[in-house]
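> Just a sequence and a predicted model for now, questions to come.
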Amino acid sequence: MSTQTPAQSTEARPPGTRGLRRLARPTEQGRRPTDGKGKGSGNLGAAPVVVPDTPEFFGELTWRTLIRPNRSARPGTMAAGLILLTMVVALLGALVVNAQVIERESRSKNDGTWRHAIAAFFAEVTSPLRGIRDRIDTALGKQVPKDDVPREGEVTFLESDPAETTRAAAMPKMRTPTPEEPLRLWVGGDSIVGIFGTELLKASSATGIIKGRLDYKPSTGLSRPDYFNWPDHIREVAKDEDPEVIVIMFGANDIQGMRVGGGAVQPLTPEWLEEYRKRVGEIMDIMRDEKQGDRLVLWVGALPMGPNSGVKGMEQVNYIYWSEAQKRPWVRFVDAWPFFVGPNGAYEPRLPSADGTQHLLRERDNIHLTAAGGDRLAWAVLDALGQVVDLSNSQTSPPAEQRAPDSVKERPEVPKPPDWPLTD
Amino acid sequence: MLFPTVDFAVYFVIVFTGSWLLRPYARPWRWFILLASCVFYLDPFNTQKAFLVPSALGLSGAMAVLGWLLTGAIAPDDGDSGNFHGAWWKAAGPVALLVTFYVVGNVWLFQNAPEKSEQSWVWLFLLLGIAFLNQGWAKAAYATMGPGRARTPASKWFVRLAVANDLAVLGVFKYYDWFRSSFPLAGFLPEWFVGYGLPIAISFFTFQAISYVVDVGRGEIRPVKLLDFCVYLTFFAHLVAGPIVRVGEFVPQLSQRSDPRFVQSGEAFMLIFRGMFKKVVISSWLAANLVDPVFGVSGGHVPGEFAKVVVLFAILGYAIQIYADFSGYTDIAIGVALLLGIRFPQNFDAPYRSLSIQEFWRRWHMTLSRWLRDYLYIPLGGNRRGVKRTYVNLFLTMFLGGLWHGANWTFLVWGSIHGGALGVERAIKAKWSRRERPLGVPAPVRGVLKWLLTFSIVCVGWVFFRATSFGDALNLLGQLVTSSVPMPTDEKTVGVLRLGALIIAGSIASQFVPQRIPERISVAFTRLAPALQILTLFAALVLVDALGPEGIAPFIYFQF
């Protein structure tokens, strides 16, 4: 890489320059220029400089300038105005072609800001051109994301009828696992499951009667099927692996705008809560083993989030998880909340385990779990599993330094958030 | 604000236009750049509510007025050194006032602005405050110097206190919580600032501030104007993750009026798109497909047992990922600054072609390496105090360099690996320097062996750098040797490994491409008609976006 200084007006006058004058700045007169470190110079001033009388921002700009090769007097340079024009036109072109992608990204962060309105408007205006980007994606072998607006013959999330499913469903028929025939466990969810799932698999493995697989996808949830389609993925997992127990956990990435019908719903509004409830119910139904009826779903509730985590609405989604689980006998809601709050019910990053030692349970972002936090939740989930499945052949018991004190228990029911707008 | 986003593109078009239109007017241009940098830091596009926080704004304003008055009282901008002639208390008073205001202001703000949306404002006070404080320390050191900028006990003390002050700020926000939780004896310490996120860029702006005061204290430069120092410290292109620029190479460029007819667009666009490709395409793909599935998500645990080849690919993948991520950021930063007429020092120079660890550190994060050399290794005595002390100094420098990267034992191990390797390398060189054919092998073979050994040490170091804990790193390295998991044979995994091998090999091969090739490409680009340049840029933007995943993960070095 070159180490020369940027195009500076101290250099010789280039051909064609008009009206140059020499400026000597009173405050910087007599100062010697510095080397790279400023050593030995005694000051940081510059030598007298030569600048044009009128800054030629665009150089000589005519339409011919745009189609003729750039012949700047200094190789590798161009006038600032031409650069601006180049940047703006190229960016606008890219914005048009990528408008749908940008709108999707914007929606994922949307909290009712003006920025998303612009992105949505841009995407709408440029919708006839969306085929260009789709073709590029297809040519690159990428999966072209489906718009999550339901189209004819292509329904991502079905309308679920909890009452109907409740009537038809029975409790899962769970066998007693043995070391020879271990329980098939599948663990999925977002990045929080990365740590918790790892610890859960370690603990499960220690029992000698559970064989698990971890399959988490960071930055995913139920709000953005266009980014990662969990219902489709669960269908594949159910078909390919046929797990007997599914442990699933979502929530932290879900508080974002969702596309419903032709419009968008804003996070935590009544419309959003209704749509989210529908999606939760739908995926719970997908997880059920309709043929054999021998699959248990352990739906792990969302964790309390700490200060400055930027995550909100966990009480609301937890209430939805819990209330939807109540309608489905094959779903056991695991209330993670009490395991990560202090005696006053508020978020605590550091809590004692059963042996009385303090452990840091949460990462510095006040969202993710540490390994100790993962252990604590893992043993709580195994405890919940043991209430449904006979784990008497287990070869281990929860170490006191890893599990929560006995006084910490799941709540009998998840409280309804204040001003809850939905009717259950 | 992240570089490769629409937000930044819109922001930069505005800043680029304003900057070149205001460039002939020295003071308004400086104010414009300072304001633009503050907006970059506050990131208003991503703030959902409470964008304006009057308390922080008011406090920052008050600090600015106080800083301007007090630093001006210590020494006028055009004053000479030694103007207090030994009366150090005349400088100490204003600095003490500034420090008091800064500490009280920070405590008050952190107690009264706990919401995340307000934090960027709190951090802005932290950042601007550091600028005012260090200007005060620098002027105090300068004013108490002797004739001919001779160092005096008072000036030395002002520099020491400034360094302590900056390190204390870094310590409180970056290491305090880790220290409390890592050492049982420190458990009694109160929970000050615990639970708040790490202020963005704190490691970078504190180091730059230290270099300024030390350079002034050494008599190498004189204090610059407060506005220039604020522009320097907050300049958006290097603020978040470097390169670590020095006052002596930045501030003179503020006074040199760049000619708007000759902006070095060829090199700038080449750097920007190269950086975007590295970050958005290479780094993201490697993270998602090779690294995260084995190392676990950042901050997580190693998820399980893997085949040896999968672990090997994850380790090699991370070596390329962190290079692509960090050098990609630096490329974009240098390119963006160049478009505004400011040249930054080079930060990476094909580090994976190094034949020794010493060479690696001359090519990797070069601005940090020279900072550590000039402000840590040399003050510790460098190689001037005997052989044994040289080894100790080398180790200490890299050990502390590791600590700078984060409050975790893994970073200390990483620094120790490099410190130890540098020492061993130095000892071997000293022993074998007189031999004509060390190891009795020809030079080309020796070169390959040296490259292989250097790259292996660097990769082992990266395992500790990436892992959440020392145990996880050992577990992973152990799997590399002892894993009994069979090699995956499913089509999907094999396909990922093949593409991964291609990317890793291609990235390493790119380190050996001569520098003149990208230089020629950049010159050739600027010779194109502007209409063709537009088409090229457009195609590059669409392609990079299409090749990358949706959404941009933060740069790895943002966390430092």
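Sure, I can see it.

> what's the following helix or strand after the longest helix along chain B?
Under DSSP state H, the helix in chain B containing the largest number of residues is helix B:308-339. As assigned by DSSP states H and E, the chain's next helix or strand after helix B:308-339 is helix B:357-363.

> tell me the mean pLDDT over the very next helix or strand once past that following helix?
Beyond helix B:357-363 on the C-terminal side, the first helix or strand identified by DSSP H and E is helix B:366-372. Taken as a whole, helix B:366-372 has a mean pLDDT of 92.

> Show me which positions of the helix or strand that helix B:366-372 is followed by end up buried.
As assigned by DSSP H and E, the chain's next helix or strand after helix B:366-372 is helix B:387-405. Buried residues in helix B:387-405, counted by 16 or more other C-beta atoms under 10 Å in any protein chain shown: B:390-395, B:397-405. In short, each C-beta sits where N, CA and C put it, glycine included.

> and the gap between the residue positioned nearest the centre of chain A and B:Leu2?
The centroid of chain A falls nearest to A:Ser219 when counting by C-alpha atoms, centre = their mean (2.5 Å). According to C-beta to C-beta, to the nearest Å, A:Ser219 stands 15 Å off from B:Leu2.

> Not counting its neighbours along the chain, what's nearest A:Asn366?
Closest residue to A:Asn366 apart from its sequence neighbours, by C-beta to C-beta, 6 or more residues apart in numbering or on different chains: A:Gly306 at 2.8 Å.

> for B:Gly419, same thing?
Spatial nearest neighbour of B:Gly419, excluding adjacent residues (C-beta to C-beta, 6+ apart): B:Met398 at 3.3 Å.

> My read is that that neighbour contacts B:Leu422, right?
Yes: with contact defined as C-beta atoms under 8 Å, B:Met398 counts as touching B:Leu422 (6.4 Å).

> low pLDDT regions in the stretch 351-500 of chain B?
Scanning the stretch 351-500 of chain B for pLDDT under 70 picks out B:436-439.

> and B:Thr536, how many neighbours?
Residues lying near B:Thr536 (other C-beta atoms under 10 Å in any protein chain shown) number 16.

> So chain B: which segments form each domain?
B:6-255, B:265-348+B:514-560, B:352-487 (automatic domain parsing).

> Return the most buried member of these.
Mean neighbours per residue, mean count of other C-beta atoms under 10 Å in any protein chain shown, is largest over the domains of chain B for domain B:265-348+B:514-560, with a mean of 21.

> Tell me who's in contact with the residue nearest to A:Asn366.
Shown in contact with A:Gly306 (C-beta atoms under 8 Å, 6 or more residues apart in numbering or on different chains): A:Tyr347, A:Pro349, A:Arg362, A:Asn366, A:Ile367, B:Gly195.

> Ok, A:Arg376 next?
Residues in contact with A:Arg376, defined by C-beta under 8 Å, 6+ apart, are A:Phe339, A:Phe340, A:Leu351, A:Ser353, A:His359, A:Leu361, A:Gln402, A:Arg403, A:Ala404.

> again with A:Asn70
Contacts of A:Asn70 (C-beta under 8 Å, 6+ apart): A:Met78, A:Leu82, B:Thr526, B:Arg527, B:Leu528, B:Ala529, B:Pro530, B:Gln533.

> Wasn't it part of a strand?
No: assessed with DSSP: H, G, I helix; E, B strand; the rest coil, A:Asn70 is coil; it does not lie in a strand.

> With respect to B:Trp432, which of the contacts of A:Arg376 is nearest?
A:His359 (49.9 Å; C-beta to C-beta).

> In a helix, the closest one, correct?
No: judged by three-state DSSP, A:His359 forms no part of a helix; its state is strand.

> Just list whatever residues bridge to it.
Beta-bridge partners for A:His359, by DSSP bridges, are A:Leu351.

> Please determine how far it is located from B:Ser522.
Taking C-beta to C-beta, one finds A:His359 at 54 Å from B:Ser522.
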